[in-house]
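A.B. asks: Predicted model and sequence below, questions to follow.
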Amino acid sequence: MCYLCGTLVTAGATSLGGLLAGQFVVGVGVAFSVASNIAYVTEMVPAERSGAMVALYELATTFGIGALRTQYFVILRRLLVYLQRQAWWHSSLLTFA
């Protein structure tokens, strides 16, 4: 449900705040699914392979989060450069961009 609501809020966003709120809701949904997926994998895989499967799942999650974090930094930097060019904020606030 968080995925659907967050996606609808993001798609209908008319401001930066709405976009960030939608992405936050989607992030909460991702956090819930990551926590529940580990329990699902543990219960569905045979006992002799459950440790390896959980380790692989955690490894895939870690690499995925790392890739998303990198992508968000790229998007944030582009957003700050855009805002600086639009002169929405005082340029001294964005000297690090």
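C.D. replies: Ah, there it is.
A.B. asks: Let me know the distance separating residue 2 from residue 26.
C.D. replies: 7 Å (Cβ to Cβ, to the nearest Å). C-beta coordinates here come from the backbone N, C-alpha and C atoms, glycine included.
A.B. asks: got it, and residue 53?
C.D. replies: Taken as Cβ to Cβ, the span from residue 53 to residue 26 is 26 Å.
A.B. asks: what bits of this structure have low per-residue confidence?
C.D. replies: 65-69, 86-97 (pLDDT under 70).
A.B. asks: where along it do the helices fall?
C.D. replies: Under the criterion DSSP state H, the chain contains helices at 2-11, 16-44, 47-86.
A.B. asks: Surely residue 10 touches residue 20?
C.D. replies: No. Using Cβ atoms under 8 Å, residue 10 is not in contact with residue 20; the gap is 9.1 Å.
A.B. asks: what sits against residue 51?
C.D. replies: If you count contacts by Cβ atoms under 8 Å, 6 or more residues apart in numbering, residue 51 has none.
A.B. asks: I meant to write residue 5 there.
C.D. replies: residue 25.
A.B. asks: Now the residue nearest to the spatial centre of the chain: closest residue in space, sequence neighbours ignored.
C.D. replies: The structure's the chain has its C-alpha centroid closest to residue 27; by Cα atoms, centre = their mean the separation is 5.1 Å. Leaving aside its sequence neighbours, residue 27 sits nearest to residue 6 (Cβ to Cβ, 6 or more residues apart in numbering; 7.7 Å).
A.B. asks: My guess is that neighbour contacts residue 19. True?
C.D. replies: No. Using Cβ under 8 Å, residue 6 is not in contact with residue 19, being 10.6 Å away.
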